[in-house]
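S.K.: Coordinates for the following, if possible.
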Amino acid sequence: MARYLLVRVAGLLGVLFVVSIITFCLMHLIPGGPYDAEKMPLSEEAKANILRSYGLDKPLWQQYVLYIGNALRFEFGYSYQSPGETVTQLIARRLRELNVYCEIHPFNRVDDAFLTSFAPRAAASRTPSSRRRRLDSGSSETCN
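M.R.: Reported below is the predicted structural model:
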């Protein structure tokens, strides 16, 4: 049992490592950036300061080590779309909104698919009559 768990955890870590490398490489392959001349005209000195502050003036392997270190600490920097808010705060806010939505709409697509295909009596007994009519008509509410 311990060997099985060790193999599974090692496989998980391997997959996470490969996905992190792919993500890091894709971020560097995309042309342009948020500080390009057409988007945000800055002097060369200002661009150099920004690149230095984010560590983008370092070699790629050092940038990758910083990337992994920040990801392990859940430090994803500041959002470009919501200045003054970190990406971690943005994710937390969106998850709270999603949780509120899921509490208002407790059934999601997986529950609907299971209840309507495998347990129709359970679906009828667990849902209010208005929802039962929607399930019978084929429409489904989703919790995105």
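
S.K.: Quick check: buried residues in the longest helix anywhere in the chain?
M.R.: Ranked by residue count and defined by DSSP state H, the top helix of the chain is helix 2-29. Counting neighbours by 16 or more other C-beta atoms under 10 Å, one finds that the buried residues in helix 2-29 are residue 24. To be clear about C-beta, it is placed using only N, CA and C from the backbone, and glycine gets the same treatment.

S.K.: Assign residue 56 to helix, strand or coil.
M.R.: For residue 56, the secondary structure call by DSSP: H, G, I helix; E, B strand; the rest coil comes out as coil.

S.K.: Test my guess that it contacts residue 64.
M.R.: No - in this structure residue 56 lies outside contact range of residue 64 using C-beta atoms under 8 Å: 12.0 Å.

S.K.: helix, strand or coil for residue 41?
M.R.: What three-state DSSP gives for residue 41 is coil.

S.K.: The residue nearest to residue 56 when sequence neighbours are not counted: what's it in contact with?
M.R.: Spatially, and ignoring its direct neighbours in sequence, residue 56 is nearest to residue 63 (6.7 Å; C-beta to C-beta, 6 or more residues apart in numbering). By C-beta atoms under 8 Å, 6 or more residues apart in numbering, the residues touching residue 63 are 24, 55, 56.

S.K.: again with residue 10
M.R.: Applying C-beta under 8 Å, 6+ apart to residue 10 gives no contacts.

S.K.: What score does it have for pLDDT?
M.R.: pLDDT, the model's per-residue confidence, is 97 for residue 10.
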